[in-house]
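Novice: fold the stuff below for me.
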Amino acid sequence: MTKPIGFDQKVLLHHLDFTANEARRLERKEMYDVLENFLRTDIQGAKSRKNAITMLMKIWYLVGENHSSIREKALEMFPLLKQEERILLHWCMTILAYPFFYDLVREMGLHLRMQDMVPSQVLGRKMKSLYGERRRVEVATSAVLTSIKSWGITELYKNRSYSLSEKIEVHSPELKQLIAEVLLACNDAHILPLELMNNNALFFPFDYHIKARDLIEDKFELVKSIDMTMVELKR
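Specialist: Have a look, this model is predicted:
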């Protein structure tokens, strides 16, 4: 079966900011109307504008029931955060909304662990191996790469290679808890060693360190052994 892609075009940071702010107070029908009006300035074509609205709504509004608590927590924190911290919220919600985005940024993170730059062709080949030799895969790969570059996450060089910009520092316990919850949500077993939550390839743009004391007892279950601490969500 062909894997769905969905990430069809570049998503701008100020569009995500606007969507998150409005999602805190508007009903679904109102969201479509305000996004249509807001995006007219930046996106002239009706089809491209419709695609952008679909993507923004999927990221911040039409969230699956199993991720609704993460969304509510993110929306609650959003107005209280600095701009660079808000990028982490967008990152989390986009990972949850789009498996294609998840797969690509994770692959990029794995490469950037070992080297300073990663060629876009290498990422493109990997995504085609996962999603098939389709034109839409090329389009989506470009859309993700140009999106995160526009967010200030990466820098592009003349040889079409990407490097990581300066990492965004994360100190807030609430944001660390959000990272932990997203990592567990993305893991099929919904349990991870605490060590693997830190320096995780999926969150390569962020400088953070989650300690056991950062994970609140009413949300997370910690199982300690001699050599590791396992983390899972309480049921």
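Novice: low pLDDT regions in this protein?
Specialist: Residues of the chain meeting the criterion pLDDT under 70: 1-2.
Novice: swap in 50 and give it another go.
Specialist: Applying pLDDT under 50 to the chain flags no residue at all.
Novice: can you pull out the helices in this structure?
Specialist: 13-23, 28-39, 46-60, 68-77, 83-97, 99-114, 120-131, 135-150, 173-186, 194-197 (DSSP state H).
Novice: quick one, what contacts the residue nearest to the spatial centre of the chain?
Specialist: The geometric centre of the chain, computed from its C-alpha atoms, lies nearest to Trp91 (C-alpha atoms, centre = their mean), at 2.7 Å. Trp91 makes contacts with 105, 203, 205-206, as judged by C-beta atoms under 8 Å, 6 or more residues apart in numbering. For the C-beta atoms, the positions are set from N, CA and C on the backbone; glycine is no exception.
Novice: can we see that at 10 Å?
Specialist: 16, 101, 105, 148, 151, 153, 168, 179, 182, 202-203, 205-206 (C-beta atoms under 10 Å, 6 or more residues apart in numbering).
Novice: how is the protein divided into domains?
Specialist: As assigned by automatic domain parsing, the chain contains the domains 1-166, 168-233.
Novice: rewinding a little: which one of the helices of the chain is the most hemmed in?
Specialist: For those, average neighbour numbers computed from mean count of other C-beta atoms under 10 Å are highest in helix 83-97, which has a mean of 21.
Novice: that one vs helix 173-186, what angle?
Specialist: 20 degrees (axes from the mean of the first three to the mean of the last three C-alpha atoms, to 10 degrees).
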